[in-house]
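Engineer: coordinates for the following, if possible.
(one chain, ligands or ions: 1)
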Amino acid sequence: MRRKLAAGNWKMNGCAPALEQISKLCEGLADGNANATGTDVLICPPSTLLHRMSERAGGRIALGGQDCHPETSGAHTGDLSAVMLADAGASHVILGHSERRADHGESDELVRRKARAAIAAGLTAVICVGESKQERDEERALEVVGRQLAGSVPDAVTARNLVVAYEPIWAIGTGATPTLEEIAEVHDHMRARLEERFGGGIGRGVRLLYGGSVKPANAGEIFGVENVDGALVGGASLLARDFLPIIKALEAAS
Ligand SMILES: O=C(CO)COP(=O)(O)O
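Structural biologist: As a prediction, the model looks like this:
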């Protein structure tokens with residue numbers, strides 16, 4: 001049985017005042033959550049907030065970075081290693097987000113090296129894949145996602161240290177989402193590819209998240225789709241009042 005995962009990607013948002021949201025999230029989870037044991041909550045803030053957030057998050061909320069360098073240390077100005085993220089309180093790291101693939105030209109090969117470093121540092125790699133609008137229109141979504149999955153996921157993974165997030169680029173921050181059938185088709189495809197490559201134990205155990213314009217209003221129906229084990233949420237994870245109902249919808253779907 002896979003545990004559900006509600007993950008928030010704060011991207012380049014949130015300075016010190018945002019720390020308040022973590023306290024609110026903790027309060028909300030403590031109030032309404034006494035019996036919920038099947039859902040994990042993860043927040044990936046800008047790394048400058050990781051340390052302070054880890055002091056507030058208690059055990060209930062896991063923290064993650066949004067990227068890491070493939071090396072452990074060295075002359076790489078401006079970069080952070082997976083070891084440093086772990087040291088600052090992270091247990092997860094998002095890798096290969098489409099914004100990094102676009103803004104920093106990250107290839108599947110680079111994402112795979114970063115994931116190896118993350119896993120070696122004891123982190124869980126949350127690897128993102130997803131097609132562009134043009135690729136969707138050309139009916140190439142499964143091909144693109146399958147290729148990114150094959151190229152970005154390293155060989156030495158377990159069901160615990162890998163999470164895959166399907167984030168269609170055209171659905172990120174736009175309010176548009178694929179149909180439930182389209183989400184199901186991609187998630188089933190990813191599940192089948194993972195089982196093929198890693199065998200049933202790992203392939204069936206890896207959690208698959210959907211990301212792209214997830215909000216309280218659509219979370220419930222998306223979480224009802226088979227092989228959707230949670231969400232990677234951008235905008236709606238910034239405020240506890242938006243993220244809490246999404247977490248509740250995931251708990252209800254468990
Ligand atoms: O990119 C995303 C999460 O990584 C999704 O962002 P939005 O939820 O703002 O569409």
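
Engineer: from here on, contacts and neighbour counts on C-alpha atoms
Structural biologist: Fine.

Engineer: residues in the protein within reach of the ligand, list them.
Structural biologist: Taking Cα under 6 Å from any ligand atom as the contact definition, the chain meets the ligand at 9, 172, 173, 211, 212, 213, 214, 232, 233, 234, 235, 236.

Engineer: which residue ranges form the strands in the protein?
Structural biologist: Taking DSSP state E to define them, one finds strands in the chain at 4-9, 39-44, 61-65, 92-95, 124-129, 162-166, 207-211, 230-233.

Engineer: returning to that earlier point: quick one: the residues of the chain next to the ligand as CSV, columns for pLDDT too.
Structural biologist: Shown next, in CSV, are those (pLDDT from 0 to 100):
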residue, pLDDT
9, 97
172, 98
173, 97
211, 98
212, 98
213, 98
214, 98
232, 98
233, 98
234, 97
235, 96
236, 97
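
Engineer: for those, which single residue is the most surrounded?
Structural biologist: residue 232 (28 neighbours; other Cα atoms under 10 Å).

Engineer: can you give me the buried ones in stretch 97-109?
Structural biologist: For stretch 97-109, a neighbour-count test (16 or more other Cα atoms under 10 Å) marks 97, 98, 101, 106, 108 as buried.

Engineer: returning to what we had before: of the strands of the chain, which is nearest residue 21?
Structural biologist: Across the strands of the chain, residue 21 has its closest neighbour in strand 39-44 (10.8 Å, Cα to Cα).

Engineer: the closest one: partners in the sheet, and parallel or antiparallel?
Structural biologist: Strand pairing for strand 39-44, determined by DSSP bridges: strand 4-9 (parallel), strand 61-65 (parallel).

Engineer: where in this structure is pLDDT low?
Structural biologist: 31-37, 254 (pLDDT under 70).

Engineer: on that earlier part again, next, format the strands paired with strand 39-44 as CSV and append distance to residue 117.
Structural biologist: Shown next, in CSV, are those (distance: least, Cα to Cα, whole Å):
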stretch, distance to residue 117
strand 4-9, 20
strand 61-65, 13
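
Engineer: where along this protein do the helices fall?
Structural biologist: In the chain, the segments counted as helices under DSSP state H are 19-32, 50-57, 82-87, 98-103, 108-120, 133-137, 141-152, 180-205, 216-223, 240-253.

Engineer: what sits closest to residue 61 if chain neighbours are left out?
Structural biologist: The shortest distance from residue 61 to any non-neighbouring residue, by Cα to Cα, 6 or more residues apart in numbering, is to residue 41 (5.2 Å).

Engineer: doesn't residue 142 make contact with residue 186?
Structural biologist: Yes - with contacts counted by Cα atoms under 8 Å, residue 186 reaches residue 142, the gap being 6.2 Å.

Engineer: residues near residue 6, how many?
Structural biologist: The number of residues near residue 6, taken as other Cα under 10 Å, comes to 26.

Engineer: ok, it touching residue 44?
Structural biologist: No - Residue 6 is not in contact with residue 44 according to Cα under 8 Å; the separation is 11.1 Å.

Engineer: what number of residues lie near the closest residue to residue 227 other than its chain neighbours?
Structural biologist: Excluding its sequence neighbours, the residue lying closest to residue 227 (Cα to Cα, 6+ apart) is residue 187, at 5.8 Å. The local packing of residue 187 (other Cα under 10 Å) involves 25 other residues.
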